[in-house]
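Peer 1: Here is my input; please provide its structure:
(2 chains)
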2 protein chains.
Amino acid sequence: MTLQPRRHRFLIVADGQFGPLTSKTANSCIRYFPERIVGVFDRVEAGRTAQDVLGFGGPIPVVGDFERALALGATAVLIGIAPLGGQLPPEWRGWLKTALERGLDIWSGLHSFIGDDPELGGLARAKGVRIHDVRKPPPNLPIADGRAADVAAYVILTVGSDCNVGKMTAQLQLRDALVERGHRARFVATGQTGIFIEGWGIAVDAVVADFVAGAAEQLVLQGAEDADIVLLEGQGSLIHPGYSGVTLGLLHGSCPDGLILCHQATRDFIGDYHGREPWVRIPPLAELVEIYERAAAPVRPTKVLGICLNTFDMTEAEAAEAVRRAAAETGLPATDPVRFDPSPLVDAIVREALAAK
Amino acid sequence: MTLQPRRHRFLIVADGQFGPLTSKTANSCIRYFPERIVGVFDRVEAGRTAQDVLGFGGPIPVVGDFERALALGATAVLIGIAPLGGQLPPEWRGWLKTALERGLDIWSGLHSFIGDDPELGGLARAKGVRIHDVRKPPPNLPIADGRAADVAAYVILTVGSDCNVGKMTAQLQLRDALVERGHRARFVATGQTGIFIEGWGIAVDAVVADFVAGAAEQLVLQGAEDADIVLLEGQGSLIHPGYSGVTLGLLHGSCPDGLILCHQATRDFIGDYHGREPWVRIPPLAELVEIYERAAAPVRPTKVLGICLNTFDMTEAEAAEAVRRAAAETGLPATDPVRFDPSPLVDAIVREALAAK
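Peer 2: Below you'll find the model as predicted:
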């Protein structure tokens, strides 16, 4: 699947959830292609701007009336939230029908495929517009076979303390910095947001479980075709009760040469279990490094090259101190590549990639 | 899904692959309900009996002509091999069409769902016969939420050094021994063969990756409804490059109180990578115990209670020595519960289950 995000003007639907922590997909699209986004539909934050709500995104308006949102001139609706489990909230059906009737495409990363919905899929066909269910896996994925270990490119996978800590953003920032230095570096998406941004990839969490590692292998082979450094987007966490299997499949299938460990500095517990008592405590970074290196070792040894901290909710001074502490605790280069200079990590990657040749 | 294996007479199709190591599904069905199996279709071993080929199964005939196989009086065809990737070999289409035309049901554990095939599915509907694709996951699986940790039953998961080392067989043997001692023990199937045998379960390797742990949780909740000891079938291995994600999802989602580590005593490398150089070496048992306990610990600590060895390809003396060595290396009770007395493991399970109350 190859999409053309640069050809569209998007209306992002994030009703009731637009915010720094609750609309991950929306936020990353706003970060990486703000010029293509005409507005955000959210009845809670209506009247504000993306900048007001997120601290970035500039004057992109948040609109609380769907008709007014459509009047902003989008050519496609992009579903910008990822509810736990990925189901389509029933209330959205009316909005999506309206959008399709007005000739807008739909871009969705939900687990329930909108194109397979008889009513919405039928309407899209009748109107001649496209529904892109980017989480739909390609057919005929292989069982992993170790071929990812054979590519000439240096392969880096981001791993994390939890979901939603910045594993995709880290790779995009590192990609930009590496390309700026003249390296042939390529970001490879493994989740719906990354696919929205890059226009290709496989949402590995939506693949039948036996084929997750095979999907990772296929992505590495494809990414390595025209790159010397492949930056593969990580998913989940080895200590996340719901999604750890996806993380391990990705780790074993992609046979990475190096890992970047991502963490949100203020987070102490796995975040998806708010309803219960806090459940899984995130161990110290040095212990997480060991967890990932040990999990990879029986299949193919690899090592953590550095730490990417997400410090969006800290003051500048707190963030700098958190970065200093992460480096001291692990003995590894550390930075927040969104907020600070990514060079400590970029230097480490370039050094390791050259040494591996 | 609840099936009724006791109501059928099965013809097992295992063409070209009927053998001790190559037809895992066929072999387990022959071990656990031989009285329901009228024959095996395999052109390579035709003319022999199950006993000749497997060393068990008695006079069940192996037949090399599909018409002659159908004449044995089956009411259903059971697909008894699991090719890597689970696709339907093209040659089989003709046999399955013939079976459906003669009014036989089809029981399949392949990844490609036979009922979804337009030709075969349509033929089954036209003939009023059933195609049971037991790997098809139920709708609306949850994301794992930790509820498996709350059940009153003592939950045991089998884990392994590799695929196809006896994780299902171990649980079935332990279940029988526990029930014989008067315990309310229940086997819970997580793969196609276990579902064929028990008539219910979820093939977790066929679930969309995000929901593997949720499927495990749901199975534990269901199994615990009327049992004091739940014996959950394990899948794959944490060191298997292709399937490790399924294994970790099962481990985290099921929140087991104890683990039984299964290993084929003569196996040194992960078996699915014959085409390459031997790839992943199986570490010593004590190291595998540590790998599993460490992987579980961040989510919910558990411990390995004992070792199940599969010694089918060893002499009696070699097998006894392998069991003795496994116990000495790990300091844990060990046995081959098919060949020898399962008591060392049964004693350990009962002791731990009582201590946990």
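
Peer 1: At the contact with chain B, which residues of the stretch 151-300 of chain A appear?
Peer 2: Counting by C-beta under 8 Å from any C-beta of the partner chain, the stretch 151-300 of chain A comes close to chain B at A:204-210, A:212-214, A:238-250, A:252-253, A:272-273, A:275-276, A:279-281, A:283, A:291, A:294-295, A:298-299. C-beta coordinates here come from the backbone N, C-alpha and C atoms, glycine included.

Peer 1: which of the residues you listed are buried?
Peer 2: Burial by neighbour count, 16 or more other C-beta atoms under 10 Å in any protein chain shown: within those this picks out A:204-210, A:212-214, A:238-250, A:252-253, A:272-273, A:279-280, A:291, A:295, A:298-299.

Peer 1: if I pick A:Ala152, what's in contact with it?
Peer 2: Shown in contact with A:Ala152 (C-beta atoms under 8 Å, 6 or more residues apart in numbering or on different chains): A:224, A:228.

Peer 1: secondary structure class for it?
Peer 2: With DSSP: H, G, I helix; E, B strand; the rest coil as the basis, A:Ala152 sits in coil.

Peer 1: Residue ranges in the stretch 151-300 of chain A under the pLDDT threshold?
Peer 2: A:274-276 (pLDDT under 70).

Peer 1: Check the stretch 1-150 of chain A too.
Peer 2: For the stretch 1-150 of chain A (pLDDT under 70), the answer is A:1, A:82-87.

Peer 1: Now do the strands in it.
Peer 2: A:10-13, A:37-41, A:62-63, A:76-79, A:105-108, A:131-133 (DSSP state E, counting those that start in this stretch).

Peer 1: what's the offset of the fourth one from the middle of its chain?
Peer 2: So that's strand A:76-79. In terms of C-alpha atoms, centre = their mean, to the nearest Å, the centre of strand A:76-79 is found 17 Å from the chain centre.

Peer 1: again with the longest one
Peer 2: Relative to the centre of its chain, strand A:37-41 is centred 20 Å away, using C-alpha atoms, centre = their mean.

Peer 1: And for that strand, what's in contact with it?
Peer 2: A:9-15, A:18, A:26, A:29-30, A:50, A:57, A:60-64, A:66, A:69, A:72-74, A:78, A:80, A:95.

Peer 1: Quick check: which of those are also close to chain B?
Peer 2: Counting by C-beta under 8 Å from any C-beta, no member of the contacts of strand A:37-41 reaches chain B.

Peer 1: Buried members of those residues into ChimeraX, please.
Peer 2: The buried residues among the contacts of strand A:37-41 can be selected in ChimeraX (16+ other C-beta under 10 Å) with this line:
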select /A:10,11,12,13,14,15,18,26,29,30,50,57,60,61,62,63,66,69,72,74,78,80,95
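
Peer 1: In helices, which of the contacts of strand A:37-41 fall?
Peer 2: When DSSP state H defines the helices, the subset of those inside them is A:26, A:29-30, A:50, A:66, A:69, A:95.

Peer 1: Can I get these in CSV including distance to A:Gln222?
Peer 2: Formatted as CSV, the ones in helices among the contacts of strand A:37-41 follow (distance: C-beta to C-beta, whole Å):
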residue, distance to A:Gln222
A:Ala26, 27
A:Cys29, 23
A:Ile30, 27
A:Ala50, 32
A:Phe66, 38
A:Ala69, 36
A:Trp95, 35
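
Peer 1: I'd guessed A:Gly146 sits against B:Asp272; true?
Peer 2: No. Applying C-beta atoms under 8 Å, one finds A:Gly146 not in contact with B:Asp272, separated by 10.3 Å.

Peer 1: re the thing from before, ok, of the ones in helices among the contacts of strand A:37-41, which one's closest to A:Thr335?
Peer 2: Of all these, A:Ile30 has the smallest distance to A:Thr335: 22.5 Å, by C-beta to C-beta.

Peer 1: Isn't that closest one up against A:Thr49?
Peer 2: No. Contact between A:Ile30 and A:Thr49 fails when scored by C-beta under 8 Å: they sit 10.5 Å apart.

Peer 1: does the residue sitting nearest the centre point of chain A count as helix, strand or coil?
Peer 2: For chain A, the residue nearest the mean C-alpha position is A:Met168 (4.1 Å; C-alpha atoms, centre = their mean). What three-state DSSP gives for A:Met168 is helix.

Peer 1: So it sits against A:Glu233, correct?
Peer 2: Yes. Contact status for A:Met168 versus A:Glu233: in contact at 4.8 Å, counting by C-beta under 8 Å.

Peer 1: Report the set of residues contacting both of the two.
Peer 2: A:158, A:189, A:191, A:194.

Peer 1: Turn the residues you listed into CSV, columns for secondary structure.
Peer 2: Converted to CSV, the shared contacts of A:Met168 and A:Glu233 look like this (three-state DSSP):
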residue, secondary structure
A:Thr158, strand
A:Ala189, coil
A:Gly191, coil
A:Gly194, helix
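
Peer 1: how near is the spatially closest residue to A:Val179 that is not a sequence neighbour to chain B?
Peer 2: Of all residues not flanking A:Val179 in the chain, A:Ala185 sits nearest, at 5.5 Å (C-beta to C-beta, 6 or more residues apart in numbering or on different chains). A:Ala185 sits at a distance of 26 Å from chain B (criterion: C-beta to the nearest C-beta, to the nearest Å).
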